[in-house]
Structures are given as C-alpha cells and as structure tokens.
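Student: Sharing a model that was predicted from the sequence below.
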Amino acid sequence: MAPELQQEEDYTTGPEAAHKTRVTVVGSGNWGSVAAKLIASNTLKLSSFHDEVRMWVFEETLPSGEKLTDAINRNNENVKYLPGIKLGKNVVADPDLENAVNGANMLVFVTPHQFMEGICRRLVGKVKADVEAISLIKEMEVKIEGPCMISTLISQQLGINCCVLMGANIANEIAVEKFSEATVGYRENKEIAQKWVQLFSTSYFMVTPIQDVEGVELCGTLKNVVAIAAGFVDGLEMGNNTKAAIMRIGLKEMQAFSKMLFSSVKDTTFLESCGVADLITTCLGGRNRKVAEAFARSGGKRSFDELEAEMLQGQKLQGVSTAKEVYEVLSHCGWLDFFPLFATVHEICIGTLPPSAIVEHSERTPKI
Ligand SMILES: NC(=O)c1ccc[n+]([C@@H]2O[C@H](COP(=O)([O-])OP(=O)(O)OC[C@H]3O[C@@H](n4cnc5c(N)ncnc54)[C@H](O)[C@@H]3O)[C@@H](O)[C@H]2O)c1
Ligand SMILES: O=P(O)(O)OC[C@H](O)CO
C-alpha cells in the first residue's frame, strides 16, 4: 500500500504546494528506480517542483511474503530491482497506477516496452490533458501500419506530448553516482526539453537536449540488437577486434535504418550519448550482451527466455524482441539484404543460424 502523502517530513503542505509541478515515475525496475532517485534529488532542490516523487510499482510478493511496494516504502530502497541504494525519502512507491498518476504534471515512463500498451490503455482519461511525458524505454513496436516508437504510442494513446531520454546509462553505475551523460530528444518545444534536463541533471548525470526525437529513440532502441551481436562475439571468444568490427557495422546499420525510417533523423545524433556512447557501454557492460554471451556459450541450446529468467532475476531484456521487430520491418520493406547484422542477430536468436554466423554473415558489405 502507498503511504499517506505526508511522511516524516512535510513535503506537501503550504499555500504554494498546489502550484508546484508534480512528477510521477511509471515503472520501478532497475533503471526506473535510478530515474526516481535522480529526479527526487532534484525536486528537493528546485522550488518549482513538488518535493514528492510518486513511483508506480507493478506489485509483487517478495520471498519473505512482504509486498514489494511496502518493502520499498519501509526501506526507502527497491530491494528487488536496485538493492543497496537509498532512493530518497521523498520517493513514494504506489501500486495503484491510476492513483500514482493522479494530479501529475510530468510523467516519466520507464517500464519494459511489452507492458506499455496495457499501461497506456489503463491511463486513457486518467492523466491531466496538459501533462508532459518522457519515455526512457529503449524499444519499438511493429503494427500493421508499420513501426511505432514507444514515445509515439504514448503520445497517440494519451493525446499528450512525449520527449525521450536515452544515453550510455547502465543503471547500476548511475545508482552509485558514477559520471555519465544522457540525451533528451524533443520535437518542437525546447522549453519543455529544458525542464526535463533540469529535472534529471545532477553533478554526475549530464543531460543534453537535441531536436531529434526519432533519432534519439532509435539509437536507444537499435543499440540493443548490436549488444546481442557483441554478446555472441564474447561467447565465442572472438576477441576485441572482432567486437569492434561488429560495433562499427552495427552503428552503420543503426544510422541507415533510422534514416530510412525517418528522413528527419540527424547524423550528428549518432555522436551524442544516445548514439555511439550508448552503443559502446551496452556492448561492454549491458544485460543484453551478458545474456547473449551465455546463449552463444551454450551453442544456442539454451533459450533466451530461460537465460533471462535465470540470470536477471525479474529484469527484462529488450534486444531479442527488438531484433524481431526490426526483422519484421526489414522483411516488410524488402530491406533484408541492406542490414546483414540486424537480420543475422534475429536468425541466430530464433535458431535458424548458429551463433558463429554473426561474423560470417554480418561482414557482407551492406549496400547502404
Ligand atoms: N537497466 C538499465 O541499465 C537501463 C538503462 C537505460 C534504459 N533502460 C531501459 O529502461 C526500460 C525499463 O528497464 P528497467 O531496467 O527499469 O526494468 P527491469 O528490466 O529492471 O525490470 C522489469 C520491470 O518490469 C516490471 N514488470 C514485470 N511484469 C510486469 C507487468 N506485467 N506489467 C508491468 N510491469 C511489469 C517489474 O516490476 C520491473 O519493474 C527498458 O526499456 C530498458 O531498456 C534500462
Ligand atoms: O543492460 P542493457 O543491455 O539493457 O543496457 C542498459 C542501458 O540501455 C545502457 O545504456
């Protein structure tokens, strides 16, 4: 159960409280919890924001029998998805989605993408008409009409504006306040983008706004496919030069695919944190890389689902499903020959090709 709004300190009262911007984080996984921590450290300092940050929790029961929400509020820590890190006492976990977003002026969406359609459906008519949203979700969906970015899904289903925040952001490193950068992608309104920058920025988290929402979101989405390829290379012990080659080919395919989908995507976006920096960090230290390495070491005999459950304890991979979504777009558009790395990653994931195909097939020079 979510506690009453007033806790030990009085965050909510005072005549000016009603005019302050309220922030809700929709999601409480590994990155969701770190996002709440970053934001909560800023809402305490910025007088235009309400101190309290609500964090929606997909409720579950811990092995101890305690509800996750209760454990978070009692310990001020997400004991399952971000153990050992205090979130800030002004973070209030709430298992009731509608209640969590009630009255919020700024919504931060940060769940694995597969839950977003259901979440949006539940939120229709429940959010303020002028609420601003941001998506931290690195994925896309493919519908009959074609590919749909998650920020577009949010915008269309809820009728609200949605920016994105992506970057070289392994959550566990930011949780212990190691320096990193991030990129906010926005469509038109730079003032809104600046407000998101203000809300997320700390001395160890440097955020830059750029006007290229699709480019930023596609970088965050597509790098997960390259991370799977990098994991195969690691699992096959092919070495650093091979991995660098896979990253280079992957970056070229990311750029070409993004520009073929959206002609507005800027080349310079790929040099921001959301582009080459995220590609590097994810291919070195991400969860997609780690599980793909185990998959290759098993010779493709163990499934990604099984390895995900065993290795990530409830955290979710996005790369395997992204590879499938990308493959569907490539098949539909007749582009498979132009993107050998993307296509090969999917074919290895579904067992049509062995992990060793990652080099044999991806090195074919793409005609892009
Ligand atoms: N973890 C990172 O380092 C990191 C960094 C940057 C971006 N991201 C992106 O952020 C997004 C969220 O990732 P994360 O790491 O916060 O999550 P996660 O993988 O750690 O956690 C899984 C989350 O899914 C929730 N969940 C499980 N079943 C659900 C259901 N049926 N409905 C709704 N929620 C359910 C769980 O409660 C948990 O909060 C992803 O798109 C990811 O790619 C992650
Ligand atoms: O752990 P991954 O593979 O989901 O990647 C985490 C982040 O996206 C890195 O920026």
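Tutor: Nice, thanks for sending it over. Residues are numbered from 1 along each chain as shown. Ligands and ions are numbered 1, 2, ... in the order given.

Student: And the one residue sitting closest to the centre of the chain, how close does it get to residue 343?
Tutor: Ranked by distance to the mean C-alpha position of the chain (Cα atoms, centre = their mean), the top residue is residue 137 at 3.1 Å. Per Cβ to Cβ, to the nearest Å, residue 137 is found 24 Å from residue 343. Glycine gets a C-beta too; all of them are placed from N, C-alpha and C.

Student: secondary structure class for the residue nearest to the centre of the chain?
Tutor: Here residue 137 is recorded as coil under DSSP: H, G, I helix; E, B strand; the rest coil.

Student: pLDDT score for the closest residue to it other than its chain neighbours?
Tutor: Leaving aside its sequence neighbours, residue 137 sits nearest to residue 150 (Cβ to Cβ, 6 or more residues apart in numbering; 4.6 Å). Predicted confidence (pLDDT) for residue 150: 96.

Student: which bits of the stretch 1-150 of the chain sit near ligand 2?
Tutor: Residues of the stretch 1-150 of the chain found near ligand 2 (Cβ under 6 Å from any ligand atom) are residue 138.

Student: The stretch 1-150 of the chain: strands as residue ranges?
Tutor: Residue ranges of the strands in the stretch 1-150 of the chain, as given by DSSP state E, counting those that start in this stretch, are 21-26, 49-56, 91-94, 106-109, 132-135, 140-143, 146-149.

Student: Kindly report which one of these carries the lowest mean pLDDT.
Tutor: strand 140-143 - the lowest mean pLDDT of the strands of the stretch 1-150 of the chain, at a mean of 84.

Student: quick one: is that strand near ligand 1?
Tutor: No: Strand 140-143 stays clear of ligand 1 (Cβ under 6 Å from any ligand atom), getting no nearer than 10.5 Å.

Student: Next up, the contacts around the residue in the stretch 1-150 of the chain that ligand 2 sits nearest to.
Tutor: Distance from ligand 2 to each residue of the stretch 1-150 of the chain (Cβ to the nearest ligand atom) is smallest for residue 138, at 5.4 Å. Counting by Cβ atoms under 8 Å, 6 or more residues apart in numbering, residue 138 touches 113, 166, 220, 221, 223, 224, 318, 322.

Student: before we move on, which element is the nearest residue to it once chain neighbours are set aside in?
Tutor: Excluding the flanking residues, the one nearest residue 138 by Cβ to Cβ, 6+ apart is residue 220, at 4.0 Å. According to DSSP states H and E, residue 220 maps onto helix 213-235.

Student: Give me the next element, helix or strand, following the helix or strand hosting residue 244.
Tutor: Using DSSP H and E, residue 244 maps to helix 240-261. Next in sequence after helix 240-261, counting helices and strands by DSSP H and E, comes helix 278-285.

Student: Any chance of the strands of the stretch 1-150 of the chain in JSON lines with distance to residue 118 and mean neighbour count as columns?
Tutor: Below are these laid out as JSON lines (distance: least, Cβ to Cβ, whole Å; neighbours: other Cβ atoms under 10 Å):
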{"stretch": "strand 21-26", "distance to residue 118": "12", "mean neighbour count": "25"}
{"stretch": "strand 49-56", "distance to residue 118": "13", "mean neighbour count": "26"}
{"stretch": "strand 91-94", "distance to residue 118": "17", "mean neighbour count": "25"}
{"stretch": "strand 106-109", "distance to residue 118": "13", "mean neighbour count": "26"}
{"stretch": "strand 132-135", "distance to residue 118": "15", "mean neighbour count": "25"}
{"stretch": "strand 140-143", "distance to residue 118": "12", "mean neighbour count": "16"}
{"stretch": "strand 146-149", "distance to residue 118": "15", "mean neighbour count": "18"}
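
Student: Could you pull up the residues touching the residue in the stretch 151-300 of the chain that ligand 1 sits nearest to?
Tutor: Using Cβ to the nearest ligand atom, the single residue of the stretch 151-300 of the chain nearest to ligand 1 is residue 171, 3.3 Å away. Counting by Cβ under 8 Å, 6+ apart, residue 171 touches 30, 31, 33, 34, 82.

Student: Pretty sure residue 112 sits against residue 29.
Tutor: Yes: distance between residue 112 and residue 29: 7.0 Å, which falls inside the contact criterion (Cβ atoms under 8 Å).

Student: Can you tell me the closest non-neighbouring residue to the closest residue to ligand 2 within the stretch 151-300 of the chain?
Tutor: Proximity of the stretch 151-300 of the chain to ligand 2 (Cβ to the nearest ligand atom) peaks at residue 286, 2.7 Å away. Nearest non-adjacent residue to residue 286, counting by Cβ to Cβ, 6+ apart: residue 227, 5.1 Å away.
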